[in-house]
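Q: predicted model, plus sequence, below.
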Amino acid sequence: MFLRQLTLLVGAGLTLEAALQTLGDDCTKAVASFAQSLRSSISAGMSFAEALERHPSVVDAAYVAMIRAGEASAKLENVLRAIVEDRSRRELLTERFNAAIRYPLFLVASAILILGFFLIQVVPQFEPVFKDLGGQLNSGTTFVLGASTWLRTNLEVFLGTCLVFVLVLWLLLRKRERRARIFGVLASTPGVAGPMRDRQTARIVGLLGLLIQNGVALPSALKIIRDVLSEPRLAARMDRLHDEVRNGRRFGDALADADVLPPLAIRMLKIGDETGDLPTIANYASQFYEHKLRMGLDRLMGAIGPITIIIVSLLVGALVVSIMSALLSITELAL
């Protein structure tokens with residue numbers, strides 16, 4: 001939102017300092033503080049790129065490099081517009097990717113709450129009756145009664161363990177390297193590997209085309225892409241690719257040996273390199289893999305939802321059948 005508003009103001013003819021001052025006066029507190037910090041840095045003699053570079057947690061290094069090239073070529077407005085379009089497209093893809101994860105997690109969480117309520121509130125209502133049957137209870141009912149008794153007895157311990165687990169998971173996901181390892185494991189999971197690979201390819205190819213199109217040299221673009229990659233093995237391969245291109249090897253040949261991208265993406269970029277139109281071909285390749293990612297996510301969500309519902313239904317159904325079978329046993333004994 002900040003970049004979109006800044007692009008509109010610069011496009012309307014305001015100087016960069018005037019645009020930042022306007023944002024500082026009219027935006028929310030967080031955005032106003034950020035705009036004021038940038039304006040102060042520019043007033044102190046820094047370039048816009050240098051001012052943004054002081055906020056690495058807010059602005060990607062790739063965008064800083066693009067803005068530096070845009071300032072040098074007096075095409076800052078065009079560069080800002082390209083960044084806004086790229087950011088908007090990335091956020092849409094990220095939201096679609098997150099939606100594919102949130103839905104099954106919501107179903108699993110709902111199932112856990114239902115099972116917990118069943119064991120804590122419902123099963124104890126039948127416990128006095130079941131005790132009269134003694135050893136005549138089936139194994140399923142015995143297990144349900146034991147689980148209910150244990151959960152009610154150790155409820156605080158169970159909730160504390162769950163809380164510790166959530167905290168440990170949060171601490172693990174805070175660090176980029178650990179997130180990369182977790183995503184690396186997910187990327188090798190059948191059914192998930194395809195969309196993860198397409199997402200990674202779309203990001204690398206799209207960023208490459210965006211950087212070169214906006215004035216960043218190819219070796220510098222490869223170095224920036226390497227810095228934004230979190231998966232260690234992929235980053236090492238990108239390092240090797242960057243070194244070979246910087247040492248004079250043709251990009252298409254070095255890319256073919258680097259094993260960074262799928263074969264189709266390599267062929268497309270190699271054609272772009274040979275024809276001298278690498279940015280355009282990279283943008284086409286990025287759009288192709290983004291479309292492929294959307295289709296893959298749709299298929300994944302179409303499969304995960306029903307499978308999760310079936311598993312949840314089987315668990316809840318098994319508990320209900322255990323209780324009902326025990327009640328039927330009591331009825332048969334009474335007759």
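A: Structure received. Residues are numbered from 1 along each chain as shown.
Q: is it true that Ser325 touches Thr141?
A: Yes. Under the contact definition of CB atoms under 8 Å, Ser325 touches Thr141, with a separation of 6.7 Å. Every C-beta, even on glycine, is put in place using the N, C-alpha and C of the backbone.
Q: show me which of those two is the more surrounded one.
A: Neighbours per residue (other CB atoms under 10 Å) separate Ser325 from Thr141, with Thr141 holding more: 23 against 13.
Q: count of residues packed around Ser41?
A: When neighbours are defined as other CB under 10 Å, Ser41 has 19 of them.
Q: just checking, next helix/strand downstream of whichever strand or helix holds it?
A: Using DSSP states H and E, Ser41 maps to helix 29-43. Per DSSP H and E, the first helix or strand lying C-terminal to helix 29-43 is helix 48-53.
Q: just the CA trace of that next one, in PDB.
A: Provided in PDB are the C-alpha atoms of helix 48-53 (Å, rounded to 0.1, in the frame of the first residue of the first chain):
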ATOM      1  CA  PHE A  48      16.200   6.700  -2.000                       C
ATOM      2  CA  ALA A  49      17.800   3.300  -2.400                       C
ATOM      3  CA  GLU A  50      20.200   3.900   0.400                       C
ATOM      4  CA  ALA A  51      17.400   5.100   2.700                       C
ATOM      5  CA  LEU A  52      15.400   1.900   1.900                       C
ATOM      6  CA  GLU A  53      18.500  -0.200   2.500                       C
END
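Q: from the rest of the structure, what touches whichever helix or strand comes after that helix?
A: Next along the chain after helix 48-53, taking DSSP H and E as the criterion, comes helix 61-72. Residues from elsewhere that reach helix 61-72 (CB atoms under 8 Å, 6 or more residues apart in numbering): 47-49, 52-53, 76, 78-80, 82-83, 207, 210-211, 214-216, 220-221, 224-225, 227-228.
Q: before we move on, the earlier item: and the contacts of the helix holding Ser41?
A: By CB under 8 Å, 6+ apart, the list of residues contacting helix 29-43 from outside reads 1-2, 16-17, 20-21, 23-25, 27, 48, 50-52, 54-55, 58.
Q: Leu80 against Leu6, yeah?
A: Yes. With contact defined as CB under 8 Å, Leu80 reaches Leu6; the gap is 6.3 Å.
Q: Three-state assignment for Thr308, please.
A: helix (DSSP: H, G, I helix; E, B strand; the rest coil).
Q: now for Leu314: which residues touch it?
A: Counting by CB under 8 Å, 6+ apart, Leu314 makes contact with nothing.
Q: just the element for Pro219, please.
A: Using DSSP H and E, Pro219 falls within helix 218-228.
Q: immediately after that helix, which helix or strand?
A: In N-to-C order, the element after helix 218-228 by DSSP H and E is helix 232-246.
Q: using PDB, write down the CA coordinates of the next helix or strand after that next one.
A: Heading C-terminal from helix 232-246, the first helix or strand you meet, by DSSP H and E, is helix 251-258. The C-alpha trace of helix 251-258 is given here as PDB (Å, rounded to 0.1, in the frame of the first residue of the first chain):
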ATOM      1  CA  PHE A 251      24.200 -17.600 -18.900                       C
ATOM      2  CA  GLY A 252      22.200 -20.200 -20.800                       C
ATOM      3  CA  ASP A 253      25.000 -22.800 -20.600                       C
ATOM      4  CA  ALA A 254      25.700 -22.100 -16.900                       C
ATOM      5  CA  LEU A 255      22.000 -22.300 -16.100                       C
ATOM      6  CA  ALA A 256      21.700 -25.700 -17.800                       C
ATOM      7  CA  ASP A 257      24.400 -27.200 -15.600                       C
ATOM      8  CA  ALA A 258      23.300 -25.500 -12.300                       C
END
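Q: list the buried residues in helix 251-258.
A: Buried positions in helix 251-258, judged by neighbour count with 16 or more other CB atoms under 10 Å: 251-252, 254-256, 258.
Q: dump these to CSV, plus pLDDT and distance to Ser33.
A: Output for those, formatted as CSV (pLDDT from 0 to 100; distance: CB to CB, whole Å):
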residue, pLDDT, distance to Ser33
Phe251, 88, 41
Gly252, 85, 46
Ala254, 88, 44
Leu255, 88, 42
Ala256, 86, 47
Ala258, 84, 42
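Q: which one of these is nearest Arg197?
A: Top of the list for closeness to Arg197, among those and by CB to CB, is Ala258 at 15.3 Å.
Q: how about the contacts made by Ala111?
A: Contacts of Ala111 (CB under 8 Å, 6+ apart): 311-312, 315-316.
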